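Visitor: build the 3D model from these lines:
(chains A, B and C)
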Amino acid sequence: MLELRLVQGSLLKKVLEAIKDLVTDANFDCSATGFSLQAMDSSHVALVSLLLRSEGFEHYRCDRNISMGMNLNNMAKMLKCAGNDDIITLKADDGSDTVTFMFESPTQDKISDFEMKLMDVDSEHLGIPEAEYHAIVRMPSTEFARICKDLSSIGDTVVISVTKEGVKFSTSGDIGTANVVCRQNTTVDKPEDATIVEMNEPVSLTFALRYFNSFTKGTPLSNTVTISLSSELPVVVEYKIAEMGHLRFYLAPKIEEDGEEN
Amino acid sequence: MLELRLVQGSLLKKVLEAIKDLVTDANFDCSATGFSLQAMDSSHVALVSLLLRSEGFEHYRCDRNISMGMNLNNMAKMLKCAGNDDIITLKADDGSDTVTFMFESPTQDKISDFEMKLMDVDSEHLGIPEAEYHAIVRMPSTEFARICKDLSSIGDTVVISVTKEGVKFSTSGDIGTANVVCRQNTTVDKPEDATIVEMNEPVSLTFALRYFNSFTKGTPLSNTVTISLSSELPVVVEYKIAEMGHLRFYLAPKIEEDGEEN
Amino acid sequence: MLELRLVQGSLLKKVLEAIKDLVTDANFDCSATGFSLQAMDSSHVALVSLLLRSEGFEHYRCDRNISMGMNLNNMAKMLKCAGNDDIITLKADDGSDTVTFMFESPTQDKISDFEMKLMDVDSEHLGIPEAEYHAIVRMPSTEFARICKDLSSIGDTVVISVTKEGVKFSTSGDIGTANVVCRQNTTVDKPEDATIVEMNEPVSLTFALRYFNSFTKGTPLSNTVTISLSSELPVVVEYKIAEMGHLRFYLAPKIEEDGEEN
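Guide: So this is what the prediction gives:
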């Protein structure tokens, strides 16, 4: 028996909107610790990792570990039917091949339940070791999303370079080149407006902008985004989910070569 | 000579937006009583019935009964050119094959007149007998529109079931099933937020969601919608038009059979 | 060496949005006087003329006259990456085949520079003589845009007729005819809401609505638009750019003939 009651149901709506374009089918893993997902994108290049800790739910009952395969597009369709202020409860009976999403309006006048068929999804769970990063940048999530979108109108890849002064995003394409520099800035009125650079050594890495634009679908989840970079590791783009956990995206850097295709 | 002056011209704009997708060509009937329309949708399944009573117009002159055939898309195009605060006057000379829509801006600085050709439209006027309904549900029109839209993402038909406790909307499709229950609720701050069920006997009927979604284009006309149901009669979905009349949609229930096509 | 610093960078963004659909490639001419452009639309029917006077820039350095050929779509793509409150600086080295747009956020935390390749653009600079017009109409720019858009849903051409009382816009098409009359009106709360007609002699001219709808992309530049008409001259549709100059569109009237195609 599984029963997870999330008062701030809009969180789950936002999570699905953030990952449904990247991942088609995935297993949601439920244990005493929390509700989580780990999945590769359909082209097996990027990795998505979600964690919603049990403490963040108003009610959390998970009698035994369970892995539920879902089509994320169908799940998103159902969650779209929840109001933004609705309480969402996720229910599954032991051994059932369906999951039920229950939506309660704040006034309790409208109660909806949507039942979705579960599916078998192949997946291998990758261990992601804790790592030391050369540089960690925390910046406003809307700013990061704007930069990724702007640079996509010029080129296909972005070079992210971190120095003590700040972080630089660069691209080039047929019509020209673009550089956007965000300076370290901690003296802001609201803490979420800060741009903070923690750097052990300078780093400069190249990534496909297409994936970054997918990752920024996580923007509604958090005011800030954290980008962790090391020359030998995939970048981590992380959106914290307040008091519950996080949504993380991993992407390997492109290896720059002579005669590299665009 | 026909001259109908409607101070709240936006009402006529909203009426046209509500029916133009359902009905292509129709006769507007004008008499001393009021301005009305009755028309089947293009697939001859749903019936639209509009009444704007003469008392609701600032000036209402209709020397003799007249029936004016109009293409509703063209009429909607012209009415879209009226500002939302404009006064709209509809004029036609006796025997003329055109109708004129005059729009006056609130400051009278801008006066537009649009002349449209009339057309011959075949129509049979159906008598709609007053009927007793098993159940009448009144609910917020935006809530009803939201439910119809939400269920359309899951299935093609909706089962509406009314009991003393409230009204249930259900559907099912390839990805699963959905049930939305709206409880009777009369203790609300604003009267238009109430959900009120008047029931003589329980009723459960099936309809094509596609038509319901067309009907909900009437939502801007009224804060509330009234749904009247009987097992032997077409459902009536009614939007009251304040102090003037109503826009009503009629649709026969689907007969559930074994092996029914979707 | 060229360096033009425009504190209100959004002006340049709006100028590009206003002309990029009409003109594909054009030369921007830079002299001690100001930054200007003159170009025919791609079908060689309408003429666009832009002037931004040097006094309007916070910093204006132009060592020698220079003409820079740009693809306006690419330029618009780059300017779209500037925030609405950003300061925009345009830079070019002598003899360089590129131009750089630098965007500074109001807080100076984000500095972007976009470098675009210049191109050779053939152009002949037309002398536009100062002329006396039969009638000059000044009206709210949003009103003019609304009328052009509304009439386009009915017909392809507009007849503009000016009398002492006001200005009339007329069209006709398959579904009917339309006339919109704006009365002279100077007793308004806000000066920009006035409709002012200066008339030496009545004038009535016909134009292709398609071009007028392109011209009205200049609406965000100014609250008012000035339309100057003479029977022997192209109409001038002018949007003033506050304290800097103007964006003007020129279009020759259609010659009305019997048997004219639509």
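
Visitor: ok, which residues in the stretch 51-200 of chain A are in contact with chain B?
Guide: A:71, A:74, A:77-78, A:80-81, A:98, A:107-117 (Cβ under 8 Å from any Cβ of the partner chain). Heads up, the C-betas are built off the backbone N, CA and C, glycines and all.

Visitor: which ones among the residues you listed map onto helices?
Guide: Using DSSP state H, the subset of those located in helices is A:Asn74, A:Lys77, A:Met78, A:Lys80.

Visitor: which of the residues you listed sit farthest apart?
Guide: Spatially, the most separated pair among those is A:Asn74 and A:Lys80, at 10.8 Å (Cβ to Cβ).

Visitor: when these two are compared, which one has more neighbours?
Guide: Counting neighbours by other Cβ atoms under 10 Å in any protein chain shown for A:Asn74 and for A:Lys80 shows that A:Asn74 has the greater number, 21 against 13.

Visitor: apart from its neighbours in sequence, what residue is nearest the more buried one?
Guide: Leaving aside its sequence neighbours, A:Asn74 sits nearest to B:Ile175 (Cβ to Cβ, 6 or more residues apart in numbering or on different chains; 4.2 Å).

Visitor: my read is that the one you found contacts A:Lys77, right?
Guide: Yes: in this structure B:Ile175 lies within contact range of A:Lys77 using Cβ atoms under 8 Å: 6.9 Å.

Visitor: where do the contact lists of these two overlap?
Guide: In terms of Cβ atoms under 8 Å, 6 or more residues apart in numbering or on different chains, B:Ile175 and A:Lys77 are both contacted by the residues B:Ile154.

Visitor: circling back: what's the closest of the ones in helices among the residues of the stretch 51-200 of chain A next to chain B to chain C?
Guide: The closest of these to chain C turns out to be A:Lys80 (Cβ to the nearest Cβ; 29.5 Å).

Visitor: who does the nearest residue in space to A:Phe101 that is not next to it in sequence form a beta bridge with?
Guide: Of all residues not flanking A:Phe101 in the chain, A:Phe114 sits nearest, at 4.7 Å (Cβ to Cβ, 6+ apart). Assessed by DSSP bridges, A:Phe114 has beta-bridge partners A:Phe101, B:Ala178.

Visitor: so which bits of chain A are right by chain C?
Guide: Residues of chain A lying close to chain C (Cβ under 8 Å from any Cβ) are A:143, A:150-151, A:153-154, A:175-183, A:185, A:195.

Visitor: mind pulling up the pLDDT for A:Glu256?
Guide: A:Glu256 is assigned 65 on the pLDDT scale.

Visitor: apologies, that question was intended for A:Glu243.
Guide: A:Glu243 carries a pLDDT score of 88 in this model.

Visitor: now do the helix or strand harbouring A:Tyr239: distance to the chain's middle.
Guide: When elements are assigned from DSSP states H and E, A:Tyr239 belongs to strand A:235-241. Centre-to-centre, strand A:235-241 and its host chain are 6 Å apart (Cα atoms, centre = their mean, to the nearest Å).

Visitor: again, but for stretch A:87-94
Guide: Here the centre of stretch A:87-94 is set off from its chain's centre by 23 Å, with Cα atoms, centre = their mean.

Visitor: lovely, talk soon.
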